[in-house]
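S.K.: no FASTA, just this:
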């Protein structure tokens, strides 16, 4: 991540300088990158960048798309809310979509939020809009469902329309009542909130894990997300999870509350926990004061927060303000800058990733930051180290935004700094001694020994066996390390050559464990094509792109034979990604490894066209829709979610690749563009008929 990307003003300036070609190239970088981070965060609870960095990347994307609406990609994350449900848990549909919030980073942006609300409300806007300011809890968004006062369902946010059913784990949480109290309990109500760990409980849980010889969890947010997704509720019951309610989704069989404040009061009366720091204020200037006060108290709170949430209190005004595609107009999330501390940079080491990228890592004197003890921080690349002029022995400022790998912000100047030697970057791979190459257009150095470098092999094996790829149960990090250290696995394909006798030589590997691993490897040979494509570890190709490639080409042979031009015909693939995929399959070493996998029984199970079509609504699948104007019954976000759930795609701009424009009342320039290009125009009734 270069420094300019992390500064909002610099982002605005850079976007302002882009021409159309530059904007297209930047979108080809940003969209896959943000989709990748969404996938890590929402599906795997393994974020590798902090919230602020993600939000600023997202802002850059939004800015480019606003300036060049004709370039909006169908797979842009601005067209989505979150990630799809994780396999292994039942689906949990939301009767009212769970959307995310727009962000603000300054007082002026808060004032602009207030001004937008006023402009939209017009004469209905009061002199001072009443807002509720709440701590933005750093946990996992969830919805609880009560029918006749009894807890009957619970789910994660998922993609906003459908999440994961976690009621079996929520029932184990002591902070969640299994039955509501009071005389006005609705016949049906959905309550939304955050599942999280309080810091004291998190630290005790980690201490207990270490005492048992288990690995400590890195941070509270990821640990909470992992706990609620456990299939065995006994595991969740062992962890001190908390739930704090912050809003309602839908209520039936009871009078509606006129304000958000009253909804929160009713939650408390029913026995649901809410946040004691929620504060109702009059006008945006009081909002700014409340947010500043909350920020001053941040370090003393018993849980982690990364900002504040501001909501219009009046429910009638909320309904008038409504929603945009991704978020409600009546709420905004104010993001605090990451917490910072100072510590000693003791040493700089270098780690090698799955793609050969060599990343400098700061080894720090352990220090508490953001509720977690930190001893390592990423330095990104050589350019970043030189820019910050970091040297071993410097005192450095470190920040950690909630739940991710910390980073070094700057060195603290002192008189001895100039006398300390500069960081020396390796001239060969620090793991295998292989040749290092740096592309002039990239800031990253890479080990070119792709197939024999142990570090790349370890990372590649972990990726190959991961849940979104071949999903080899039992092949964890420690076992992978042993297999590589012992020389039993030198290529990914060697996994399928392992024997029971070889496995029994490994530490903590008994007969049953060995048999289970061999069985899991055998099962993985039949994974569908899209999972196998993901497992290959093609640069820039994540699960979503792998799925699109499988559906387009149907067989691995067809994909391997595809040219750059052929790949550009796949939905969502730009020139950069197309080149990476084609180059991967042109490499003789990669082809040899694929041949080896096939000879060992990996089927790369092809898709047949009828089966691919049958998995989605035929009239919608693979088609691109643009919605314009106000539809009679559907909110735009709901219509887009239903199209996507049926296998279709949505876009914010009309082009020759658009299949249908869904036009409602007051349809404007997009309707005219569709008529100009001859794109079919349909109404909501036709869309609903197509959706079945």
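M.R.: Nice, thanks for sending it over. Computed from a predicted model, the values in this text were never measured in an experiment.
S.K.: residue boundaries of the strands in the stretch 301-450 of the chain?
M.R.: 305-312, 331-335, 340-352, 357-369, 372-378, 395-399, 407-412, 436-438, 445-447 (DSSP state E, counting those that start in this stretch).
S.K.: need those strands in JSON lines (columns: distance to residue 103).
M.R.: No exception for glycine: its C-beta is placed from N, CA and C like everyone else's. As requested, the strands of the stretch 301-450 of the chain are arranged in JSON lines below (distance: least, C-beta to C-beta, whole Å):
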{"stretch": "strand 305-312", "distance to residue 103": "8"}
{"stretch": "strand 331-335", "distance to residue 103": "5"}
{"stretch": "strand 340-352", "distance to residue 103": "20"}
{"stretch": "strand 357-369", "distance to residue 103": "22"}
{"stretch": "strand 372-378", "distance to residue 103": "23"}
{"stretch": "strand 395-399", "distance to residue 103": "18"}
{"stretch": "strand 407-412", "distance to residue 103": "20"}
{"stretch": "strand 436-438", "distance to residue 103": "34"}
{"stretch": "strand 445-447", "distance to residue 103": "33"}
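S.K.: can you lay out these as TSV showing mean neighbour count, mean pLDDT and distance to residue 271?
M.R.: Listed next are those as TSV, based on neighbours: other C-beta atoms under 10 Å; pLDDT from 0 to 100; distance: least, C-beta to C-beta, whole Å:
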stretch	mean neighbour count	mean pLDDT	distance to residue 271
strand 305-312	24	95	22
strand 331-335	23	95	25
strand 340-352	17	93	39
strand 357-369	18	90	35
strand 372-378	17	83	32
strand 395-399	19	92	38
strand 407-412	18	91	42
strand 436-438	15	87	60
strand 445-447	23	90	56
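S.K.: of all those, which one is nearest residue 71?
M.R.: Comparing these against residue 71 with C-beta to C-beta, the closest turns out to be strand 331-335 (26.5 Å).
S.K.: quick one: that closest one to strand 305-312, angle?
M.R.: 160 degrees (axes from the mean of the first three to the mean of the last three C-alpha atoms, to 10 degrees).
S.K.: can you start the count at 15 instead of 1 from here on
M.R.: Noted, 15 is the first residue going forward, which turns the last one into strand 345-349.
S.K.: each with direction, which strands does strand 345-349 pair with?
M.R.: In the sheet, strand 345-349 lines up against strand 116-118 (parallel), strand 319-326 (antiparallel) (DSSP bridges).
S.K.: residue 641: which of those strands is closest?
M.R.: Nearest to residue 641, of all these, is strand 116-118, at 19.5 Å by C-beta to C-beta.
S.K.: pLDDT of the closest one, averaged?
M.R.: Across strand 116-118, pLDDT averages out at 91.
S.K.: so how far is that strand from its chain's centroid?
M.R.: Taking C-alpha atoms, centre = their mean, to the nearest Å, one finds the center of strand 116-118 at 17 Å from the center of the full chain.
S.K.: can you say which of the strands paired with strand 345-349 is nearest to residue 671?
M.R.: Closest to residue 671 of these is strand 116-118 (C-beta to C-beta; 28.3 Å).
S.K.: flag every buried residue along whichever helix or strand comes after that closest one.
M.R.: Downstream of strand 116-118, the first helix or strand assigned by DSSP states H and E is helix 121-135. Under the neighbour-count criterion of 16 or more other C-beta atoms under 10 Å, helix 121-135 has 123-124, 127-128, 131, 135 buried.
S.K.: could you dump those to a markdown table with pLDDT and distance to residue 377?
M.R.: Compiled in a markdown table, these are given as follows (pLDDT from 0 to 100; distance: C-beta to C-beta, whole Å):
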| residue | pLDDT | distance to residue 377 |
| --- | --- | --- |
| 123 | 95 | 37 |
| 124 | 97 | 39 |
| 127 | 96 | 42 |
| 128 | 97 | 46 |
| 131 | 96 | 48 |
| 135 | 95 | 54 |
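S.K.: buried set for the strand or helix carrying residue 473?
M.R.: In the assignment (DSSP H and E), residue 473 maps to helix 468-479. Neighbour-count burial for helix 468-479 flags 468-479 (criterion: 16+ other C-beta under 10 Å).
S.K.: ditto for stretch 568-586
M.R.: Neighbour counts over stretch 568-586 (16+ other C-beta under 10 Å) mark 568, 570, 573-574, 576, 580-581, 584-586 as buried.
S.K.: narrow those residues to those in helices?
M.R.: Under the assignment DSSP state H, those contribute 570, 573-574, 580-581 to helices.
S.K.: quick check, nearest of those to residue 489?
M.R.: residue 570 (22.4 Å).
S.K.: just so I know, which of the strands of the stretch 315-464 of the chain lies nearest residue 111?
M.R.: Minimum separation from residue 111 across the strands of the stretch 315-464 of the chain (C-beta to C-beta) falls at strand 345-349, 13.8 Å.
S.K.: run the angle between that closest one and helix 121-135 for me.
M.R.: Using the same axes, to 10 degrees, strand 345-349 lies at 170 degrees relative to helix 121-135.
S.K.: what is the burial count for residue 164?
M.R.: Applying other C-beta atoms under 10 Å, we find 12 residues neighbouring residue 164.
S.K.: need phi/psi at the residue nearest to it when sequence neighbours are not counted.
M.R.: Nearest residue to residue 164 in three dimensions, chain neighbours excluded: residue 193, at 5.5 Å (C-beta to C-beta, 6 or more residues apart in numbering). Phi and psi for residue 193, reported as degrees, to the nearest 10, are phi -140, psi 130.
S.K.: hmm, back to that, need the buried residues of helix 468-479 in CSV (columns: pLDDT).
M.R.: Rendered in CSV, the data for the buried residues of helix 468-479 read as follows (pLDDT from 0 to 100):
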residue, pLDDT
468, 89
469, 90
470, 90
471, 90
472, 91
473, 88
474, 90
475, 92
476, 89
477, 90
478, 93
479, 91
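S.K.: picking up where we left off before, just the closest of the ones in helices among the buried residues of stretch 568-586 to residue 349, please.
M.R.: residue 581 (36.9 Å).
S.K.: ok, the closest one - contacts?
M.R.: Residues near residue 581 by C-beta atoms under 8 Å, 6 or more residues apart in numbering: 587, 591-592, 595-596.
S.K.: again with residue 126
M.R.: residue 118.
S.K.: now the strands paired with strand 345-349 as TSV including distance to residue 682?
M.R.: Listed next are the strands paired with strand 345-349 as TSV, based on distance: least, C-beta to C-beta, whole Å:
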stretch	distance to residue 682
strand 116-118	23
strand 319-326	27
